[in-house]
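Visitor: any chance you can model this:
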Amino acid sequence: MKSSGAMSARRMASNGVPGGGFTDAAVLACFREHGQFVMCAHEKPDGDVLGSGLALGLALKAMGKDVIYFLDDEVPKNLRFLPDSDLVQRSFEGVKSDAVFVFFDMSDQSRAGEALGWVPPEQIVNIDHHLGNKRFGRWNYVLEAEAATGVLVLNVIAALGQPITPGIATCLLTTLISDTGCFLYSNARPQTLRLAAALVNVGADKDLITEQLYQTRSFSGQKVLGRTLDAAVMTDDGICYSVVSRALLEEFGATHEDLEDVVGALRAVDRCEVAALLKESPDGNYRLSLRSRGRFNVMAAAKKLDGGGHFRAAGATLPGPLPNALSRTLAAVRTEMAAQIAADRAPT
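Guide: As a prediction, the model looks like this:
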């Protein structure tokens, strides 16, 4: 049975950090009554998913719970400063048969990858802020209007009566900084900024977070960025796109991890309405990243490609070869652009 009831209350963590919105009573009962929790991150983890899992894990451990952090990937180098990130494991060692698996920042279970596909819905807590979340768990806590999944995690921690320690605060501030583009995106609303300030007040290390997420890049990554921008195409209808091949990554000894926010550099072009970056994977597929300047809904375009995300930031995985992947990408983006242009021109 899926949880449905929510209790509407303005809460604060025990040391005064505001936790707002709605917190599902059934979700809270789950965290209070069960003994072991497995924090689960999606493929290609970012600051929101890891910060959320680590923050809640720290709070649950303070309640005497058994916590395991699972990630079927390496923790990105720029996120290894997060508390407990050194405890993340790629195996299910120590996981009990009655463990509860907490999925963060995923609209559906498949986003976690094949390694977690076996987990039954009856043992899943789903905490997310994506549009179109499929409510795939027994317990679902989804607030689609929030800037980051970390905001929901703060609400849970506050409702559980746990204090926001400096470590938890650093994890939570990382979720906000990551998903708002260091507060550059439109989802950085006044309440988001107030929440960030409250987290800094209780010990979140803002300087460390921004240095690691936005001011530290590998030399090989910077070389790839230069080549990618040099090869970029700017179309007449406002799409700026480029491709990163496996050969280019191998030339400089770079990895997909080194491509953090290359798509943002494409979006920064003054005539760009939608930026698209196709990254070739070892299996021959292409991972697509889409970014919008704000007029066009790239999540709708990504859904046409069996992907998803947010209005301004979305992605998908497309099979090769490159000409087909690129053609499908441009067609999906242009379909969404045409629909929006038609809607803008329609009489009101």
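Visitor: skipping its backbone neighbours, what lies nearest Gly47 in space?
Guide: The shortest distance from Gly47 to any non-neighbouring residue, by CB to CB, 6 or more residues apart in numbering, is to Ser178 (2.8 Å). (Glycine included, C-beta is placed from N, CA and C.)
Visitor: phi first, then psi, for the one you found.
Guide: Main-chain torsions, Ser178, degrees, to the nearest 10: phi -70, psi -50.
Visitor: burial check on it, number of neighbours?
Guide: A count of nearby residues for Ser178, using other CB atoms under 10 Å, gives 23.
Visitor: what's the answer for Gln191, then?
Guide: 14.
Visitor: I'd guess it is in a helix, am I close?
Guide: Yes. Counting by DSSP: H, G, I helix; E, B strand; the rest coil, Gln191 is found in a helix.
Visitor: for Ala25, report the pLDDT, please.
Guide: You'll see Ala25 listed with a pLDDT of 88.
Visitor: now Leu326
Guide: 98.
Visitor: what are the phi and psi values for it?
Guide: Dihedral pair for Leu326: phi -70, psi -40, per degrees, to the nearest 10.
Visitor: again, but for Ala313
Guide: The phi/psi pair for Ala313 (degrees, to the nearest 10) reads phi -140, psi 120.
Visitor: would you map out the domains in this structure?
Guide: Taking automatic domain parsing as the criterion, the chain consists of the domains 6-214, 219-345.
Visitor: which stretch in those domains has the least confidence?
Guide: Among these, domain 6-214 scores lowest, at a mean of 92.
Visitor: sorry, back to before: quick check: the residue nearest to Gly47 touching Asp48?
Guide: Yes. Taking CB atoms under 8 Å as the definition, Ser178 is a contact partner of Asp48 at 5.0 Å.
Visitor: could you name every residue contacting both of the two?
Guide: Shared contacts of Ser178 and Asp48 (CB atoms under 8 Å, 6 or more residues apart in numbering): Ala148.
Visitor: deepest-packed of the domains of the chain, please.
Guide: domain 6-214 (a mean of 20; mean count of other CB atoms under 10 Å).
Visitor: so Arg135 is in which element?
Guide: Taking DSSP states H and E as the definition, one finds Arg135 inside no helix or strand.
Visitor: let's number from 854 now, not from 1
Guide: In the new numbering, first residue 854, that becomes Arg988.
Visitor: next, it: phi, psi?
Guide: phi 50, psi 60.
Visitor: correct me, but it touches Asp981?
Guide: No. Contact criterion CB under 8 Å: Arg988 and Asp981 do not qualify, at 9.2 Å.
Visitor: chain center to stretch 1146-1165, what's the gap?
Guide: What separates the centre of stretch 1146-1165 from the centre of its chain is 14 Å, taken as CA atoms, centre = their mean, to the nearest Å.
Visitor: and what of stretch 931-945?
Guide: 16 Å.
Visitor: for that stretch, list the C-alpha coordinates in CSV.
Guide: Taking Å, rounded to 0.1, in the frame of the first residue of the first chain, the C-alpha atoms of stretch 931-945 are listed here in CSV:
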residue,chain,number,x,y,z
ASN,A,931,34.6,16.8,-6.4
LEU,A,932,32.1,15.3,-3.9
ARG,A,933,34.6,13.3,-1.8
PHE,A,934,34.7,16.1,0.7
LEU,A,935,31.2,15.3,1.9
PRO,A,936,31.0,13.6,5.4
ASP,A,937,30.6,9.8,5.2
SER,A,938,31.4,9.8,1.5
ASP,A,939,34.3,7.4,2.3
LEU,A,940,31.8,4.9,3.6
VAL,A,941,29.9,4.6,0.2
GLN,A,942,30.1,1.0,-1.0
ARG,A,943,29.4,-0.8,-4.3
SER,A,944,28.2,-4.1,-2.8
PHE,A,945,25.3,-5.2,-0.7
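Visitor: what sits against the closest residue to Arg1165 other than its chain neighbours?
Guide: For Arg1165, ignoring the flanking residues on the chain, the nearest one in space by CB to CB, 6+ apart is Ser1145 at 4.6 Å. Contact analysis of Ser1145 by CB under 8 Å, 6+ apart lists Arg1120, Glu1126, Val1127, Ala1128, Val1151, Phe1164, Arg1165, Ala1166.
Visitor: of those residues, closest to Leu1112?
Guide: Nearest to Leu1112 among the contacts of Ser1145 is Ala1128, at 13.0 Å by CB to CB.
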